[in-house]
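*Asks:* Would you be able to build a 3D model of this:
(one chain, ligands or ions: 1)
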Amino acid sequence: MSGEAQLEALLEIIATSARQAIAEYKKHGNGVDVPTIQSVEFHPLDFKEDTVALKRAVRSLEGACQQLCASLAPPQHTVVNFTHTYDWACTGVALRGRVADVLGDHPKGLHVEQLASIIGVEKGKLGRILRSLATKGCFTEVDDNVFANNRLSLILKSTSNVGCLAKIYAQDTSQGACVLYETMTEPDYAWSHESDKAPMIYALRKQGIKGNFFDWMKADDERRENYHRAMIGAGDLMGSLSVLHHYPWIEVKTICDVGASVGTFSVPLSKTFPHLKITDQDLPEVLVQAKQVWAKEAPEAVEENRIEFVPLNFLEESPVKGKDIYYLRNILHDWPDVEAAVILRNVRDAMGPHSRLLIHDYVMASACRKTQEAVSGTDIAPEPMLPNFGAGNSRMYNQDLSMWFVHNGKERTVKDLVALGSATGLRLVEVYDLVESSVVEFRLL
Ligand SMILES: C[S@@+](CC[C@H](N)C(=O)[O-])C[C@H]1O[C@@H](n2cnc3c(N)ncnc32)[C@H](O)[C@@H]1O
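*Replies:* Modelled structure (predicted):
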């Protein structure tokens, strides 16, 4: 394909995928207009469980847009932009200062002078941060230095679970990112894949931190509560609940949610499929918080004994035995290969011949078409796009880096998961591609 033909094909993909996204908003809008950056409320589609069709369209749209811009802009423009972005720092200020909460009481907007005095920061500095965010479509500058919430900034309200996740990236993960090169060159850290040698732990060591991210997180109640709310947010962000609509749950009777957090997946599962007997397993202190969440969000499941809570340290013991499904969402990516193999071995020891293991994570793919076609279990982008959808999947590749910075963990390819599985006596059965995340199903060998 000539250069010009490639660019024309990208334009075509942009137009088609944007129209597919618009059609999705119209289909689920119940009369609400399609969203723009001027929208001030959420759209009915924003928190739907099954977001596969919208995500598919947005993945192609973002991938093709970035590829087209990277092709046509001068290279210095694109490459310096990689290093010259402070979105995370500005968003972190908005989150910590609860800017969106304050603006919630002022739907027509608030002058930055009043806003800054409520928050307790200097008005000129706050104004520059909000203008930078408004320039990217988050908050609206309704008049000179007067800011109001919009559909994007609502995500930064303190009631938002996705906001809790954004806070972790802005405040904690970023600390690991800032010392990345040091951790790749200092001998104690450079060759280590241990979780207590992760870049974020390196950054925090001056505070006398001992252990890994989970030790650090559980040592502080507020941090722990934010983390588990963030896990609900992560599910929303990834559209993980699509799995409720794309897996044959009706054929299942019992499920063990391994590393269940506060029931981020199993609470909605119990509501959609009340025939299921669910076992939630996590560290004991997490189950204390989980029981409170279940009592509030799904009291009927608790009263009808459809949920049991069993403490588990999956690095040291097996989950309860003989369940139909062992479900691990966003678990393996927290751990380096050695610990991931221990977890899988412990799960395998609990499985019976009828049991299935579902690993629900991001599933990485190569950016090289030749390799992708040979091993992929997930969608491959049409030419001339990069086969892994390029920037359309950037969150997956950023998440892989986040798992390194925070845990020395990683996201894995289907090939990596198959290798881990077969080393622990498991065989691949199927890959369910939910566009952003995938569910990889295994059985005993
Ligand atoms: C990234 S969160 C995922 C939570 C949940 N599966 C989800 O998708 O929302 C990882 C979970 O693993 C749990 N965890 C960490 N170490 C553990 C261990 N040694 N044994 C059992 N659970 C553990 C954490 O408490 C946390 O709930």
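
*Asks:* quick one, helices of the stretch 251-400 of the chain?
*Replies:* Here the stretch 251-400 of the chain has its helices, by DSSP state H, counting those that start in this stretch, at 266-272, 284-297, 299-303, 337-350, 369-375, 394-407.

*Asks:* Could you list the domains of the chain?
*Replies:* The chain breaks down by the TED database into domains covering 3-81, 99-156, 161-235, 239-444.

*Asks:* Grab the nearest non-local neighbour of the residue of the stretch 1-150 of the chain found nearest the ligand.
*Replies:* The ligand sits closest to residue 49 of the stretch 1-150 of the chain, with a gap of 14.7 Å, by Cβ to the nearest ligand atom. Glycine gets a C-beta too; all of them are placed from N, C-alpha and C. Counting by Cβ to Cβ, 6 or more residues apart in numbering, the nearest residue to residue 49 once its immediate chain neighbours are dropped is residue 241, at 4.2 Å.

*Asks:* Looking at the one you found now. What's its pLDDT?
*Replies:* What the model reports as pLDDT for residue 241 is 97.

*Asks:* again with the one 4 residues further on
*Replies:* What the model reports as pLDDT for residue 245 is 97.

*Asks:* That one: which element?
*Replies:* If you go by DSSP states H and E, residue 245 is part of helix 243-246.

*Asks:* one step back: would you check how far apart the residue of the stretch 1-150 of the chain closest to the ligand and residue 323 are?
*Replies:* Noted for residue 49: a distance of 23 Å to residue 323, by Cβ to Cβ, to the nearest Å.

*Asks:* if you count what's nearby, which of the two comes out ahead?
*Replies:* residue 323 (25 against 16; other Cβ atoms under 10 Å).

*Asks:* Isn't that one up against residue 347?
*Replies:* No: using Cβ atoms under 8 Å, residue 323 is not in contact with residue 347, being 10.0 Å away.

*Asks:* What values do phi and psi take at the residue nearest to residue 49?
*Replies:* phi -70, psi -10 (degrees, to the nearest 10).

*Asks:* which residues does it contact?
*Replies:* 49-50, 235, 265, 268 (Cβ atoms under 8 Å, 6 or more residues apart in numbering).

*Asks:* just residue 333 next, same as before
*Replies:* Contacts of residue 333 by Cβ under 8 Å, 6+ apart are 361-362, 399-400, 403, 409-412.

*Asks:* Up against the ligand, what does the chain have?
*Replies:* When proximity is defined as Cβ under 6 Å from any ligand atom, the chain approaches the ligand at 214, 231, 235, 259-261, 264-265, 282-283, 286, 312-315, 329-331, 334.

*Asks:* For PyMOL, write the selection for the buried entries among those.
*Replies:* Typed into PyMOL, the line below selects the buried ones among these, using 16 or more other Cβ atoms under 10 Å:
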select buried, resi 214+231+235+259+260+261+264+265+282+286+312+314+329+330+331+334
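
*Asks:* Output stretch 169-178 in CSV, but only the C-alpha positions, please.
*Replies:* This file holds the C-alpha atoms of stretch 169-178, laid out as CSV (Å, rounded to 0.1, in the frame of the first residue of the first chain):
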residue,chain,number,x,y,z
TYR,A,169,-2.1,6.3,39.1
ALA,A,170,-1.5,10.1,39.8
GLN,A,171,-0.2,9.8,43.3
ASP,A,172,1.4,6.4,43.7
THR,A,173,2.3,4.7,40.4
SER,A,174,3.8,8.0,39.1
GLN,A,175,6.4,7.8,41.9
GLY,A,176,7.6,4.5,40.6
ALA,A,177,7.7,6.0,37.0
CYS,A,178,9.9,8.8,38.1
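
*Asks:* ok, and for that stretch, which residues are buried?
*Replies:* Judged by neighbour count (16+ other Cβ under 10 Å), stretch 169-178 contains these buried residues: 169-177.

*Asks:* likewise stretch 30-44?
*Replies:* 35, 39, 43.

*Asks:* Output those residues as TSV; include the columns distance to residue 255, pLDDT and secondary structure.
*Replies:* Below are the buried residues of stretch 30-44 laid out as TSV (distance: Cβ to Cβ, whole Å; pLDDT from 0 to 100; DSSP: H, G, I helix; E, B strand; the rest coil):
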residue	distance to residue 255	pLDDT	secondary structure
35	35	98	coil
39	38	98	coil
43	32	98	coil
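
*Asks:* what sits against the closest residue to residue 171 other than its chain neighbours?
*Replies:* Counting by Cβ to Cβ, 6+ apart, residue 171 lies nearest to residue 92, which is 5.7 Å off, once chain neighbours are set aside. By Cβ under 8 Å, 6+ apart, the contact set of residue 92 is 167, 170-171, 174.

*Asks:* Got phi/psi on the residue most central in space within the chain?
*Replies:* Most central in the chain under Cα atoms, centre = their mean is residue 234, positioned 4.1 Å from the mean C-alpha point. Recorded main-chain torsions at residue 234 are phi -60, psi -40, according to degrees, to the nearest 10.

*Asks:* Check what pLDDT it gets.
*Replies:* So residue 234 comes in at 97 (pLDDT).

*Asks:* Would you quantify the distance from it to residue 329?
*Replies:* 9 Å.

*Asks:* Need the overlap of contacts for the two.
*Replies:* 240, 264.

*Asks:* looking only at pLDDT, what's the mean for the helix or strand containing residue 142?
*Replies:* In this assignment (DSSP H and E), residue 142 forms part of strand 140-143. Here strand 140-143 scores 98 as its mean pLDDT.

*Asks:* which strands and helices sit next to the helix or strand that comes right after it?
*Replies:* Downstream of strand 140-143, the next assigned helix or strand under DSSP H and E is strand 146-148. Contacts defined by 3 or more Cβ pairs under 8 Å, 6 or more residues apart in numbering; DSSP states H and E place strand 146-148 against helix 99-104, strand 110-111, helix 112-119, strand 140-143.

*Asks:* 10 Å instead?
*Replies:* helix 99-104, strand 110-111, helix 112-119, helix 123-135, strand 140-143 (3 or more Cβ pairs under 10 Å, 6 or more residues apart in numbering; DSSP states H and E).

*Asks:* ok, residues contacting the second one?
*Replies:* The reference is to strand 110-111. Counting contacts by Cβ atoms under 10 Å, 6 or more residues apart in numbering, the residues outside strand 110-111 that touch it are 99, 102-103, 116-118, 123, 127, 142-149.

*Asks:* just the longest one next, same as before
*Replies:* Applying Cβ under 10 Å, 6+ apart, the external contacts of helix 123-135 come out as 37, 85-87, 89-94, 97, 99, 103, 111-117, 119, 121-122, 138-142, 144-148, 150, 152-153, 156.
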